[in-house]
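# no sequence for this one, just the structure:
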């Protein structure tokens, strides 16, 4: 809803005449639906009406404005017309209050933008995303989602301080805003994560933009307290309807592709491809120790790894585990320290009373720093071995 509020505020600032403004509002209603009516009443009067009620009152307010104009023989401001209608005809406004539109605009702007970077915030992005997916479905058009994550951001904070971290975040946001097209929507998704939504954009076109952003950030050198700090990003891209027509799945796919990029050595952009994810999986016949998180005395179960990928691990376990359970898995690595993985149980398959296949999706953000790099090394070693036999 917030983005409709901002759009109406923008139109109100650009269009002085009532007739043209009303025409634009009705065009928005035709494009986005009657939710525009609710946003209009919020912007002009501060009253939050149900969608259908707002639609009825908007039509009645337009007629009320025509009657007032004929009676008074002059134009009235639309805000005055709506306020008079709500007061006289509905009683929804008992004692009206004047609010300067510039002040209201600042409040709306602060509610939809990230205070540090100036990009859209996550909640505003979510609202825009739902609308753009609906439009892509309606007009059978492409839409691409690009997730970007600053490489080694924790190191920047730890080694140079949080002020340097903030400078890095603002620098990346500035570059994203500069390189994206006017029709693209960029947001700070959380922490060091950014997202760019590209309407009417195929996977290949989205990749071209992603590479442009990546190269621009790679060339950027931050200066802080006489220090030079290099920046790189890893990115993942998924497209509608190529990869999925489900909005939630599409976001997950783009996020998964970021971890493919991390595992491939960072400072790269990965396209989501289902067949590639199956290929980037290696056999893992190693002992594992499994423990459910959140319980101090949770039992540790000995299992055996079956295969591992950048997105998760499959292992045999003597007991079943609940779907969505948070677990940690210690993988014994021949000649190397154990590999600690933390993630969520996504698959359980029984092969006997004490024999279960457990699939866990990996959460790199919860794991030790080296985990994604070590899995990436395993995948690259397997890829090199396969290539040698071609």
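Right, received. Where do you want to start? Everything quoted here is computed from the prediction, not taken from an experiment.

# need the residues that contact the helix or strand containing residue 170.
For residue 170, the element it lies in under DSSP states H and E is helix 162-179. The contact list for helix 162-179, computed with C-beta atoms under 8 Å, 6 or more residues apart in numbering, reads 114, 116-119, 148, 150, 153, 156-157, 186, 188, 192, 194, 196, 209, 212-213, 216-217, 220, 222, 224-225, 227, 229, 231, 233. (Glycine included, C-beta is placed from N, CA and C.)

# checking my notes, residue 301 in a helix, right?
No: judged by DSSP: H, G, I helix; E, B strand; the rest coil, residue 301 forms no part of a helix; its state is strand.

# how close does residue 41 sit to residue 198?
Distance, residue 41 to residue 198, by C-beta to C-beta, to the nearest Å: 32 Å.

# of the two, who's got more company?
Neighbour totals were compared for residue 41 and residue 198, and residue 198 leads with 25 against 22 (other C-beta atoms under 10 Å).

# surely that one touches residue 207?
No: using C-beta atoms under 8 Å, residue 198 is not in contact with residue 207, being 10.3 Å away.

# list the buried ones in stretch 284-300?
284, 286, 288, 290, 292 (16 or more other C-beta atoms under 10 Å).

# out of those residues, name the ones that lie in strands.
Among the buried residues of stretch 284-300, the ones falling in strands (DSSP state E) are 288, 290, 292.

# any idea how far the first one is from residue 166?
In this structure, residue 288 and residue 166 are 40 Å apart, going by C-beta to C-beta.

# how about the second one?
Going from residue 290 to residue 166 by C-beta to C-beta gives 39 Å.

# equivalent analysis for the last one, please.
To residue 166, residue 292 is 37 Å away according to C-beta to C-beta.

# other SSEs contacting the longest helix anywhere in the chain?
Within the chain, and with DSSP state H defining each element, the longest helix by residue count is helix 51-72. With contacts defined as 3 or more C-beta pairs under 8 Å, 6 or more residues apart in numbering; DSSP states H and E, helix 51-72 has these neighbours: helix 18-32, helix 35-45, helix 78-85.

# tell me which of those lies nearest to residue 62.
Evaluated with C-beta to C-beta, the helices and strands packed on helix 51-72 place helix 18-32 nearest to residue 62, the distance being 6.5 Å.

# going by secondary structure, the residue nearest to residue 341 when sequence neighbours are not counted is in what exactly?
Residue nearest to residue 341 in three dimensions, not counting chain neighbours: residue 329, with 4.6 Å by C-beta to C-beta, 6 or more residues apart in numbering. Residue 329 belongs to strand 326-333 when assigned by DSSP H and E.

# what pairs with that strand, and is each one parallel or antiparallel?
strand 287-292 (antiparallel), strand 336-352 (antiparallel) (DSSP bridges).

# related to what we said a few turns ago, can I get the buried residues of stretch 284-300 in a markdown table with pLDDT?
Formatted as a markdown table, these follow (pLDDT from 0 to 100):
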| residue | pLDDT |
| --- | --- |
| 284 | 83 |
| 286 | 89 |
| 288 | 93 |
| 290 | 93 |
| 292 | 89 |
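
# where does the stretch 201-350 of the chain dip in pLDDT?
Residue ranges of the stretch 201-350 of the chain with pLDDT under 70: 274-281, 295-296, 310.

# show me what contacts residue 22?
Residue 22 makes contacts with 62, 78, as judged by C-beta under 8 Å, 6+ apart.

# can you pull the pLDDT of it?
Note on residue 22: pLDDT of 87.

# same check on residue 8?
According to the prediction, residue 8 has pLDDT 80.

# for the one 4 residues further on, same thing?
In the predicted model, residue 12 carries a pLDDT score of 72.

# so where do the strands sit in the stretch 151-300 of the chain?
Along the stretch 151-300 of the chain, counting by DSSP state E, counting those that start in this stretch, strands occupy 185-190, 193-199, 221-224, 227-230, 233-240, 269-271, 281-283, 287-292, 300-309.

# ok so, going back, most tightly packed of the helices and strands packed on helix 51-72?
Highest mean neighbour count among the helices and strands packed on helix 51-72 (mean count of other C-beta atoms under 10 Å): helix 35-45, with a mean of 22.

# quick one: that helix to helix 18-32, angle?
Between the axes of helix 35-45 and helix 18-32, defined by axes from the mean of the first three to the mean of the last three C-alpha atoms, to 10 degrees, the angle is 140 degrees.
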